[in-house]
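Engineer: Please work out how this folds:
(chains A and B)
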There are 2 protein chains.
Amino acid sequence: MPSGLRFLIAAKRCEITELQQLARTSALVNAVGRLIHGLQRERGLTNLHLASGDGHWAPALAQQIEDNAALQAAVVTCFEAMDLPASRLNHGARLFSRIAYALQGLDALPALRNRLRSEAWSTERATAAYVRLVGGLLAVVFEAADAASDPGISRRLVALFNFMQGKELTGQERATGAALFAAGQANAAAQQRLLRLIDSQERCLQVFQEFASPALYQAWLQTQRPEQQALLERMRRVLCTAADGAPLDRQLSQTWFDANTAVIDAMKSIEDQLAVELLSLCESRIEASAAELAEFEALTGERALKPQAAADLSFFEPSPSDAGPDHQTLAPAAPSGFGLQVDRSILELVQAQSQRLQAMGHELDTVRASLNERKLIERAKGLLMAHRHLSEEEAHKTMRQMAMNQNRRLIEVAEALLAMAEVLPAPTR
Amino acid sequence: MPSGLRFLIAAKRCEITELQQLARTSALVNAVGRLIHGLQRERGLTNLHLASGDGHWAPALAQQIEDNAALQAAVVTCFEAMDLPASRLNHGARLFSRIAYALQGLDALPALRNRLRSEAWSTERATAAYVRLVGGLLAVVFEAADAASDPGISRRLVALFNFMQGKELTGQERATGAALFAAGQANAAAQQRLLRLIDSQERCLQVFQEFASPALYQAWLQTQRPEQQALLERMRRVLCTAADGAPLDRQLSQTWFDANTAVIDAMKSIEDQLAVELLSLCESRIEASAAELAEFEALTGERALKPQAAADLSFFEPSPSDAGPDHQTLAPAAPSGFGLQVDRSILELVQAQSQRLQAMGHELDTVRASLNERKLIERAKGLLMAHRHLSEEEAHKTMRQMAMNQNRRLIEVAEALLAMAEVLPAPTR
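Structural biologist: The predicted model follows:
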């Protein structure tokens, strides 16, 4: 068999292995999404239970905890399935490290529930504990999106991660607003938090819009009821603009909670559709690649009978897609159609495969850029928090302000801050 | 065993597997470098042989071809070693696809040599064929650098790739200049080519300077003889500024060739040192990770005897390195010292490992940025070539001019061009 063909086949096998990993990762993301939703409900019921103090919500909470045990078992099963082919995983170290962190949280969950049963925690404190747990699970999804090597699947994973993150931020907004209304009094710190949550939600939904399939984005738009939106925005305005300490209508607590819950439930249905779409995309990509592999392998028989002419110099002839040495090394080229014909030379196959992988690489770079932006913004925020002893809200606000004043995008401000990091003094503790 | 610890161990195993892959890839890069050097010499001797036409260079050429057979066998052995653990490779599809392309070229090399023995090819045509072959081999090195997941190793691979590419461009400059002097007449097209080659060499050496160890960069500086540099620059000036068609001193052909050869040989010695440094870096990183893994595994015995307290809520307590939900998901944090103590809780281990991987990820992003710049510039150049029917030299010159006129960096011009790609009309053929 010509050695080029052998490696062409090895390349295709790698591609299939990577796609199979992605299918497993997608299944895991799906299970994690369902557990997160269950934990979000448990968090909401816990808050209601703590706030009411009369045991009214205890049965619903107990039921949810029972449901979550099953969801958690499903997630752990998926985690174990990842463990098996351990060393075969792209970026495995990072994904496993995220899983280890999430598992630490899940292992400690029974202790948290026990403590919540025996001590009168504030709703803030209980919320913060669940937020941390959900954050650990979302980090697993982020890593899965970051590790995907197929641009189409990566797009959908990025859309899904941002949608899940947006849903979590909506959940936190629900809790923060409900507590404000329930307290009957505006509070500047909580307002800051609300503003950041709203802002971050919008950022997530923008990325979702950019990377989701048009059909799913339309489906998401159709879940939105104008009257409900108007009601929510009115209540948001009341919450965010009231002077520190001013009275708030306690009656609105339930209205606020219900309106947000409707949004979150609609988001869950979209999330489920995203997951279904993702899985079927993985399957069809695996099928297509397996078919290509089969054709390559069939070719090895053909070629063994009919070896390439020993005087074939076509390798050294310039092809239309390249021109010079520098250019050629990283030959950028338009993706060519990839229909296989037995009589095409192996060189053409190798070139077509190369060009296809490069086009995929370019597309992947574009998709990953959005994840990188997120990482950079979070890093810059962390830097501000450490160096100026700011809260996350304050750091977020500072960066927004800088972006507005300088008429720049948030990512540009983040990059400028990180570039300055080397000249900043070390943070004092 | 606590499930968090299990995945922590799985993460460490992944890390070691990836490092072992990198060690194999580095050995391959080393072998490829030696073969490239041999092919560069074969190219030079072939040109001398074709130009002299008297058989004077035939024995030296025959000897070099024999030497290269051994170097090629060593490369193929390394390729085979990559093939074995096929599906375990990060970015395997791309690397294998590059290898398949390079192998097609190596397989066709005997046919090329035969043809060169029987036909009177021009030196340009012969040079172009070898340039293509070397380009295919350099693409393998580029892919290896792009796939590295350890930032320290990635830095060195990026330095090495750029140095190898710089050396190849020097070789092409040597051939182009020697042909010009030998012809005794200046030629505008060849001048354009020279200017691009000089410019690209400088770009490569800048990246080398940025990512090589200071010791090796110093070693490289020390190979440079001021008198030799001055002589080379004087001849470059003569070549690049002579009017189209003006006479050139044929006598300088040999002087030019020898001066460039001295540079190339000095570069080869630095390249060898880079390769040695790279291999020992891989080895020490594998050793360190294996030691950490052993400590983790020793811990599983300890922990099995002394399980974590069931009421341990430390997971839910805020740590100094994070602050809020959005922030926490992608928790940016300073890398902490990673000394193991048996009494540290598993949570702390998980957090430390997480932070370490994140810090590595940030560093890796920085290193990869330079490879991405290269890809973007090449893509933009390809775009210009396709849309405006320009040669590589013309496209390169156009972009340089745009950068100068707009006072922007080349990468910014490339990004702007690529951003406009969608609104450009499709290329006509």
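
Engineer: Where do the helices of chain A begin and end?
Structural biologist: Taking DSSP state H as the criterion, chain A carries its helices at A:3-52, A:58-83, A:92-118, A:123-147, A:151-183, A:188-211, A:214-222, A:226-241, A:252-305, A:325-329, A:346-388, A:392-405, A:410-420.

Engineer: ok, of the ones you listed, where does mean pLDDT dip lowest?
Structural biologist: Among those, helix A:325-329 has the lowest mean pLDDT, at a mean of 45.

Engineer: Among the helices of chain A, which comes closest to B:Asp258?
Structural biologist: Of all the helices of chain A, helix A:325-329 sits nearest to B:Asp258, with 22.6 Å by Cβ to Cβ. From N, CA and C alone the C-beta is placed, and that goes for glycine too.

Engineer: before we move on, the earlier item: now the helices of chain A as a markdown table including distance to chain B and mean neighbour count?
Structural biologist: Formatted as a markdown table, the entries for those read as follows, by distance: least, Cβ to the nearest Cβ, whole Å; neighbours: other Cβ atoms under 10 Å in any protein chain shown:
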| stretch | distance to chain B | mean neighbour count |
| --- | --- | --- |
| helix A:3-52 | 3 | 22 |
| helix A:58-83 | 5 | 16 |
| helix A:92-118 | 3 | 22 |
| helix A:123-147 | 4 | 23 |
| helix A:151-183 | 6 | 24 |
| helix A:188-211 | 5 | 18 |
| helix A:214-222 | 17 | 14 |
| helix A:226-241 | 18 | 14 |
| helix A:252-305 | 10 | 17 |
| helix A:325-329 | 4 | 24 |
| helix A:346-388 | 4 | 20 |
| helix A:392-405 | 4 | 17 |
| helix A:410-420 | 9 | 17 |
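
Engineer: is it possible to export those helices to JSON lines including distance to B:Gln229?
Structural biologist: Conversion of the helices of chain A to JSON lines gives the following (distance: least, Cβ to Cβ, whole Å):
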{"stretch": "helix A:3-52", "distance to B:Gln229": "42"}
{"stretch": "helix A:58-83", "distance to B:Gln229": "56"}
{"stretch": "helix A:92-118", "distance to B:Gln229": "45"}
{"stretch": "helix A:123-147", "distance to B:Gln229": "45"}
{"stretch": "helix A:151-183", "distance to B:Gln229": "46"}
{"stretch": "helix A:188-211", "distance to B:Gln229": "51"}
{"stretch": "helix A:214-222", "distance to B:Gln229": "59"}
{"stretch": "helix A:226-241", "distance to B:Gln229": "66"}
{"stretch": "helix A:252-305", "distance to B:Gln229": "51"}
{"stretch": "helix A:325-329", "distance to B:Gln229": "23"}
{"stretch": "helix A:346-388", "distance to B:Gln229": "37"}
{"stretch": "helix A:392-405", "distance to B:Gln229": "46"}
{"stretch": "helix A:410-420", "distance to B:Gln229": "34"}
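
Engineer: right, and those helices - which one's nearest B:Ala242?
Structural biologist: helix A:325-329 (23.4 Å).

Engineer: residues contacting the residue lying closest to A:Gly361 once chain neighbours are set aside?
Structural biologist: Across the structure, with Cβ to Cβ, 6 or more residues apart in numbering or on different chains as the measure, the residue nearest A:Gly361 apart from its sequence neighbours is B:Arg94 (6.9 Å). Counting by Cβ atoms under 8 Å, 6 or more residues apart in numbering or on different chains, B:Arg94 makes contact with A:11, A:357, A:361, B:143, B:146-147.

Engineer: Would you point out the most distant pair within those?
Structural biologist: By the measure Cβ to Cβ, the contacts of B:Arg94 have their two most distant members at A:Ala11 and B:Asp146, which lie 14.9 Å apart.

Engineer: Now that A:Asp150 has come up, it's in contact with A:Leu22, right?
Structural biologist: Yes: A:Asp150 lies in contact with A:Leu22 (Cβ atoms under 8 Å); the separation is 6.2 Å.

Engineer: A:Ser345 contacts A:Ser314, correct?
Structural biologist: Yes: checked against Cβ under 8 Å, the pair A:Ser345 and A:Ser314 is within contact range at 6.6 Å.

Engineer: which one of those two has more residues nearby?
Structural biologist: A:Ser345 (17 against 14; other Cβ atoms under 10 Å in any protein chain shown).

Engineer: distance of the more buried one from A:Gln358?
Structural biologist: Using Cβ to Cβ, to the nearest Å, we find A:Ser345 at a distance of 20 Å from A:Gln358.

Engineer: Also A:Asn162?
Structural biologist: Shown here: A:Asn162 relative to A:Gln358, a distance of 27 Å by Cβ to Cβ.

Engineer: for A:Leu109, same thing?
Structural biologist: Here A:Leu109 is placed at a distance of 45 Å from A:Gln358 (Cβ to Cβ).

Engineer: now do A:Asp67
Structural biologist: Following Cβ to Cβ, the distance that separates A:Asp67 from A:Gln358 is 47 Å.

Engineer: got it, and A:Leu221?
Structural biologist: Computed with Cβ to Cβ, the distance linking A:Leu221 and A:Gln358 is 35 Å.

Engineer: can you check A:Ala395 too?
Structural biologist: As judged by Cβ to Cβ, A:Ala395 and A:Gln358 stand 39 Å apart.

Engineer: swap in A:Ile36?
Structural biologist: Taking Cβ to Cβ as the measure, A:Ile36 falls 36 Å from A:Gln358.

Engineer: got the contact list for A:Phe161?
Structural biologist: For A:Phe161, the contacting residues are A:138, A:141-142, A:144-145, taking Cβ under 8 Å, 6+ apart as the criterion.

Engineer: Return the member of the residues you listed nearest to A:Ala120.
Structural biologist: For those, the closest approach to A:Ala120 (Cβ to Cβ) belongs to A:Leu138, at 28.8 Å.

Engineer: Test my guess that the closest one contacts A:Gly166.
Structural biologist: No: counting by Cβ under 8 Å, A:Leu138 stays clear of A:Gly166, with 10.7 Å between them.

Engineer: so what sits against both of these two?
Structural biologist: Contact criterion Cβ under 8 Å, 6+ apart; no residue bridges A:Leu138 and A:Gly166 by contacting each.

Engineer: Spatially nearest residue to A:Phe211 (excluding sequence neighbours)?
Structural biologist: Among residues not flanking A:Phe211 along the chain, A:Ala159 sits closest, at 3.9 Å (Cβ to Cβ, 6+ apart).
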